[in-house]
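Student: 3D, please:
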Amino acid sequence: MELQNTVKEALNALYHHPDDTVRMQADRWLQDFQGTIDAWQVADNLLHDATSNLETLIFCSQTLRSKVQRDIEELPSSEAVRALQDSLNTLLKKFHKGPPKVRTQISIAVAALAVHVPAEDWGGGGIVSWLQDEMNSHPEYVPGFLELLTVLPEEVYNYKIAARPERRRRFEKELTSQMEVALSILTACLQINELKEKVLEAFASWLRLKHRIHGSVLASHPLVLTALSSLHSEILSEASVNVISELIHYSAAGSSGGAAVNMPLIQVIVPQIMNLKAQLTDSSKDEEDVKAIARLFADMGDSYVELIAAGSDESMVIVHALLEVASHPEFDIASMTFNFWHSLQLILTKRDSHISYGNEASAEAERNRRLLVFRSAYESLVSLVSFRVQYPRDYQDLSLEDLKEFKQTRYDLASSTSSTLTESLMLLAVADVLIDAASVLGGDATLKILYTKLVEGVACCGNEHSEWRPAEAALFCIRAISNYVSVIEAEVMPQVMTLLPKLPQQPQLLQTVCLTVGAYSKWLDAASSDPSILASVLGMLTSGMGVSEDSAAAAALAFRHICDDCRKKLCGYLDGLYNVYRTAVNGEGCLKVSAEDSLHLVEALSMVITELPQDDAKKALEMLCLPVVTPLQEVINQGPEVLHKKHPRDLTVHIDRFAYIFRHVNHPEAVADAIQRLWPIFKAIFDIRAWDMRTMESLCRACKYAVRTSKRYMGITIGAILEEIQGLYQQHQQPCFLYLSSEVIKIFGSDPSCASYLQNLIEALFKRTICLLTSIDEFTSRPDVADDCFLLASRCIRYCSQLFIPSPVFPSLVDCAMMGITVQHREASNSILTFLSDIFDLVKSCKGEEYLSLRDSVIIPRGASITRILIASLTGALPSSRLETVTYALLALTRAYRVQALEWAKESVSLIPLTAVAEVERTRFLQALSDAASGADVNALMGPIEELSDVCRRNRTVQEIVKGALKPHELNMVPVS
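Tutor: Predicted coordinates for the structure are as follows:
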């Protein structure tokens, strides 16, 4: 009773206390309470207590629901489970007309209990038969039982329920086998008029099960007919829409036999939906009703796309209806059809879609017939969607963050996966639809349609309002299909290019002009036999760099694309290009190119220089480096103290440009000469700024690209670089020193002439790193060091195993890896696991087979511990998102050591108590490993391994048991000699 009162007081404080601190403390206490064993009895008592208020009832019903889902194994006996079952039944009846939130939580709790408890415990016939008996015996409680019937099938796929996989599969079969009983209950409930909506909700829920009821049966079923008739009621029933939507999906699903088997059902559904077409444009209709009707048309299109693609007269009626949905002014409604247009495009354009038509000629003829049939639909679609990408009139009212995202999406036709900004998502969706249309119509034909929109938009630019948005939208669309327009297109593109310089210098319009020019760089290369076209385009881009930061960014990007694709033609323009580059990099004149966007210009010039002959390239490279090296030299000339105090950005802005130069000037000897000349400057920065991570990362990146491009032309400079970072790493453990070393190993690892200094390098770096990473806490605090250390170690295995495996640091590094496998940092953990996998797969490495016995002398004494840690990682020590990487490492170990590895795995799994992992689950897991040892396909073995992982993670209690059982004894580090 005392604990019950404490719960009530905590809830009162949570909802009503004026002090935020007290509310937070109450919330924390209540959350902790929900995890206790006492929560079972207290929540149950308070739910039965007639004096409990609504807040208490909601909290206790949620608590009981979560306890049933996750912590059922806390109950001490089958009698306790039976008592819970009886109590929940009583509560379900008590709240049949009570607060809906409480009733729902109790219904979910009963459904979750049914997942855990076998069918026999519900009276032999399973929970659905039990429910039928209860409803027959107590008709007054039918509303409450109906909610339980609704949530039951939903719990089949609820992985919050900590049920064993085998029990979950059996529960699904139990429900599927009782489908007819469930539908008979629902049919009987149709007689109660006020329950009709809830009956249809429950029916929709049951349809999501893989039930295999024949389409001809469903076509005349009272529940289906009720749902169809409800579509035409004054107030459109959401439940009836959900039912019809599920029926559409079911009738086309392969698991139900597909459209051919379910044609009787399809023939009932489609006419009823088509009768709703007029309501799409009925202005008196509520928007939510229109959205629901549009959803049915979209579902019909998505599900029956294979049938529609045949191009029959009947299917074209559906296509025209979908075009009507696509024309709706609300984007949320119009965009419902976009997936259909994409799916249809894939069928129409895929060559093997028509293989059933016999020989290749017949298949091609059928493909062309279908493309012709759907041509007008896609032409209409282009016109219907193109206006939707206009800049919103109120775009300047967007928040700074939203405006930045909107501009960025328009800039690079991509957006973050977490984007929620409607305007950004709209741009991407329309761009995808235009690409689908271009795939069907051809890029050149689509361009013609969009060009008419551009001409209309240009006319608007000259009207009294100087409206630039339609022209900008048309250009956005033209840019979106650039990859589909032929490079030899000679009718429309020349006219587009002629129009562009005449458009107003409005910043947003100019940005899209520049981006469009860049998108058609390949066309410019193929079409510009007349040098004046390129000159005109470059002039337009240079002008764009001076109008606004946005247009400058777009112009710089376009500049890069054009220099990439037209590089041969632009060799003769190098002086002019260089002047633009120098002006932008030095910040001279009126150009508004940011430091970040100037990298596009660096890359652009670098690609043109690549096309020059060797001697000319060396001179051009010197000129390219001059504006970059000068400010760095000036800082160094002012002395070490000034260099030490400089803000990292003052240095990295220039060093990053070197990285781009070395990466994109594909003249190995010229780059090698350049890095040799620049080395004194780089060394000065290394020596004075080794403490500064940002500067070191930038400098190592520049060196990395120099090494990657120059390769063996690096000569003595590579030795100087390695000597520098080897020495600096002892004092300043910058992860980028390790990363740069791994790049060197990749290129020079197999070169015998480099063996001596590479051996010294890796031993020095690994010895120092091993001294840093002596516990899991150190791995956690230095994840970047761990990540780059084991990336380097993997490179050593792959490219210079002859130096690394015999090295005295190898055993110590294996011990270090064992210590850090369970670090929670994703990249660090993955690098460690990859390193171990590479050791186990040594036979795949260059000359690796020669060192198997040395490897075995290190791994076999540690095999049992490694296996134990890997199984601990599978079963909860690492997040489930790492499962694939951990599994690969374990299977690689098993393939390498076969019988021995199986013994190690048996030893580890036997430590887990049977209360956590049943014998059948152990056996399936070990059998999967045995199959791996025999060479079975890895993908086929994932099921039992994932199942063991799921079983061990099913709730906190089990996780703690498994963690305690598999936690290895204190790992001993072998000292490095």
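
Student: Now the residue of the chain most remote from its centre, what are its backbone angles?
Tutor: What lies farthest from the middle of the chain is S137; by CA atoms, centre = their mean that is 50.8 Å. Dihedral pair for S137: phi -80, psi -30, per degrees, to the nearest 10.

Student: how close does it get to E120?
Tutor: If you measure S137 against E120 using CB to CB, to the nearest Å, the figure is 20 Å. C-betas here are computed from N, CA, C, even on glycine.

Student: Repeat that for R375.
Tutor: 62 Å.

Student: So which of the two has more stuff around it?
Tutor: R375 (15 against 9; other CB atoms under 10 Å).

Student: who touches the more buried one in this structure?
Tutor: 440-441 (CB atoms under 8 Å, 6 or more residues apart in numbering).

Student: Please repeat the previous calculation with a cut-off of 7 Å.
Tutor: Applying CB atoms under 7 Å, 6 or more residues apart in numbering to R375 gives the contacts L441.

Student: can you check Q34 too?
Tutor: So Q34 contacts 63, 66 (CB under 7 Å, 6+ apart).

Student: mind redoing it with 10 Å?
Tutor: Q34 sits next to 43, 59-60, 62-64, 66-67, 70-71 when contact means CB atoms under 10 Å, 6 or more residues apart in numbering.

Student: Where does the prediction get shaky in the stretch 501-650 of the chain?
Tutor: Low-confidence segments of the stretch 501-650 of the chain (pLDDT under 70): 528-530.

Student: ranges for the strands of it?
Tutor: Taking DSSP state E, counting those that start in this stretch to define them, one finds no strands in the stretch 501-650 of the chain.

Student: Tell me where it has helices.
Tutor: Using DSSP state H, counting those that start in this stretch, the helices found in the stretch 501-650 of the chain span residues 507-519, 521-527, 531-544, 549-565, 567-570, 574-586, 595-610, 614-637, 640-645, 648-664.

Student: helices or strands up against the one helix or strand in the chain whose mean pLDDT sits lowest?
Tutor: The weakest-scoring helix or strand in the chain, judged by mean pLDDT, DSSP states H and E, is helix 400-412 (a mean of 74). Identification of packing neighbours for helix 400-412 by 3 or more CB pairs under 10 Å, 6 or more residues apart in numbering; DSSP states H and E yields helix 422-441, helix 469-480, helix 507-519, helix 549-565.

Student: rerun at 6 Å
Tutor: If you count contacts as 3 or more CB pairs under 6 Å, 6 or more residues apart in numbering; DSSP states H and E, helix 400-412 packs onto helix 422-441.

Student: relative to helix 400-412, how tilted is the helix it packs on?
Tutor: Helix 422-441 runs at 20 degrees relative to helix 400-412, counting by axes from the mean of the first three to the mean of the last three CA atoms, to 10 degrees.

Student: averaged over its residues, what pLDDT does whatever helix or strand comes next after helix 422-441 have?
Tutor: Sequence-wise, the next helix or strand downstream of helix 422-441 (DSSP states H and E) is helix 443-461. What helix 443-461 shows for mean pLDDT is 94.

Student: Could you check helix 443-461 and say which residues are buried?
Tutor: 443-451, 453-454, 457-458, 461 (16 or more other CB atoms under 10 Å).

Student: what's near enough to touch D302?
Tutor: 339-340 (CB atoms under 6 Å, 6 or more residues apart in numbering).

Student: Compute the mean per-residue pLDDT across the host helix or strand of it, please.
Tutor: Per DSSP H and E, D302 falls inside helix 287-303. Averaging pLDDT along helix 287-303 yields 94.

Student: now stretch 662-669
Tutor: Mean predicted lDDT for stretch 662-669 stands at 96.

Student: got the buried residues for it?
Tutor: Neighbour-count burial for stretch 662-669, with 16+ other CB under 10 Å as criterion, is recorded at 662-665, 667-668.

Student: same deal with stretch 41-56?
Tutor: 42-47, 52, 56.

Student: And stretch 94-109, by the same measure?
Tutor: Those would be 94-96, 98, 102-109, for stretch 94-109 by 16+ other CB under 10 Å.

Student: and which of the residues you listed is nearest to D27?
Tutor: For the buried residues of stretch 94-109, the closest approach to D27 (CB to CB) belongs to Q105, at 18.5 Å.

Student: you'd agree that closest one is up against C60?
Tutor: No. Here Q105 does not reach C60: they are 8.8 Å apart, not a contact under CB atoms under 6 Å.

Student: so where's the stretch 201-350 of the chain uncertain?
Tutor: Across the stretch 201-350 of the chain (using pLDDT under 70), the flagged ranges come out as 235-236.

Student: redo that, cut-off 80
Tutor: For the stretch 201-350 of the chain, the stretches with pLDDT under 80 are 210-212, 233-236, 254-257.

Student: hey, where'd the helices end up in it?
Tutor: Counting by DSSP H, counting those that start in this stretch, the helices of the stretch 201-350 of the chain are 215-219, 222-230, 238-252, 258-261, 263-274, 287-303, 305-308, 313-326, 331-334, 338-349.

Student: For those, give me JSON lines that also has distance to T875.
Tutor: Shown next, in JSON lines, are those (distance: least, CB to CB, whole Å):
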{"stretch": "helix 215-219", "distance to T875": "43"}
{"stretch": "helix 222-230", "distance to T875": "44"}
{"stretch": "helix 238-252", "distance to T875": "36"}
{"stretch": "helix 258-261", "distance to T875": "40"}
{"stretch": "helix 263-274", "distance to T875": "45"}
{"stretch": "helix 287-303", "distance to T875": "39"}
{"stretch": "helix 305-308", "distance to T875": "43"}
{"stretch": "helix 313-326", "distance to T875": "49"}
{"stretch": "helix 331-334", "distance to T875": "44"}
{"stretch": "helix 338-349", "distance to T875": "39"}
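
Student: closest one to E194 among these?
Tutor: Among those, helix 238-252 sits nearest to E194 (CB to CB), with 13.1 Å.

Student: relative orientation of that closest one and helix 263-274 in degrees?
Tutor: Counting by the same axes, to 10 degrees, helix 238-252 lies at 140 degrees to helix 263-274.

Student: counting contacts, what elements does helix 238-252 pack onto?
Tutor: Helix 238-252 packs on helix 196-207, helix 222-230, helix 287-303, going by 3+ CB pairs under 6 Å, 6+ apart.

Student: So which elements touch the second one?
Tutor: For helix 222-230, the elements it packs on are helix 238-252, judged by 3+ CB pairs under 6 Å, 6+ apart.
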